[in-house]
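Student: the sequence and its predicted three-dimensional model are supplied below.
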Amino acid sequence: MGSEYPAQTFEYEPVESEDPKIHIDLCETKEQVGEVQIVGEDGANNLHSHQDADGFWMVLGGKARFYTAGDEVIGEFGPYEGVQIPRDFPYWFESAGEEKLEILHVVSIDPELSSERVDHEGEKGERNKHINGTVRRITDPRDQ
């Protein structure tokens with residue numbers, strides 16, 4: 001018996017953009033999402049939390065600074081460093097260096113919980129732009 005979802009391969013190539021923040025979607029199932037975000041000077045987000053999702057963040061390029069309530073710094077991370085944010089934990093982050101932040105984001109989702117994002121304060125930066133990366137779905141050979 002095969003999986004409900006086929007295997008997915010993907011390729012990631014950095015995208016040049018003047019947008020303050022872009023999301024490059026890599027892969028997705030109902031319980032997991034993988035993306036890369038490229039964050040510029042005005043791409044910071046607001047203090048928020050996710051009711052249904054744990055988030056894994058790893059810097060690929062640039063620097064990220066993550067905060068929790070009261071603008072308390074969780075940490076500043078360079079390439080190949082990061083943080084895991086559990087569901088319901090309030091956080092926000094920004095690019096903390098001179099170059100744009102390039103950060104891998106992998107989300108584990110509990111489909112039994114509300115997918116509503118909880119905003120704890122107003123927006124810090126501009127809105128996001130989503131771009132699809134190169135995704136190829138491969139059917140589970142056990143389903144053949």
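Tutor: Received, thanks.

Student: got any ranges where the chain has weak pLDDT?
Tutor: Counting by pLDDT under 70, the low-confidence segments of the chain come to 1-3, 122-144.

Student: mind listing the strands for it?
Tutor: Ranges of strands in the chain, per DSSP state E, are 7-11, 21-28, 32-39, 48-50, 53-61, 64-68, 72-77, 82-85, 92-95, 101-109, 117-119, 129-132, 134-138.

Student: what's the neighbour count on Phe10?
Tutor: 15 (other CB atoms under 10 Å). Heads up, the C-betas are built off the backbone N, CA and C, glycines and all.

Student: distance of it relative to Lys100?
Tutor: Separation of Phe10 from Lys100 (CB to CB, to the nearest Å): 21 Å.

Student: now swap in Gly40 and tell me
Tutor: Separation of Gly40 from Lys100 (CB to CB): 5 Å.

Student: then Glu28?
Tutor: For Glu28, the distance to Lys100 - CB to CB - is 24 Å.

Student: who's more crowded, the two?
Tutor: Neighbour tally, Glu28 and Lys100, criterion other CB under 10 Å: the higher count belongs to Lys100, 21 against 15.

Student: which residues does the more buried one contact?
Tutor: For Lys100, the contacting residues are Ile38, Val39, Gly40, Gly61, Gly62, by CB atoms under 8 Å, 6 or more residues apart in numbering.

Student: the third one against Gly97, yeah?
Tutor: This points to Gly40. No - between Gly40 and Gly97 there is no contact under CB atoms under 8 Å: 11.0 Å.

Student: the more surrounded of those two?
Tutor: Taking neighbours as other CB under 10 Å, Gly40 and Gly97 compare with Gly40 leading, 20 against 14.

Student: for the residue positioned nearest the centre of the chain, name its beta-bridge partners.
Tutor: The residue lying closest to the centre of the chain (CA atoms, centre = their mean) is His105, at 3.3 Å. Following DSSP bridges, His105 is listed with bridge partners Glu35, Trp57.

Student: ok, it - contacts?
Tutor: The neighbours of His105, taking CB under 8 Å, 6+ apart as the test, are Val33, Gly34, Glu35, Val36, Gln37, Gly55, Phe56, Trp57.

Student: which among these gets closest to Phe66?
Tutor: Set against Phe66, the nearest of the contacts of His105 by CB to CB is Trp57 (7.4 Å).
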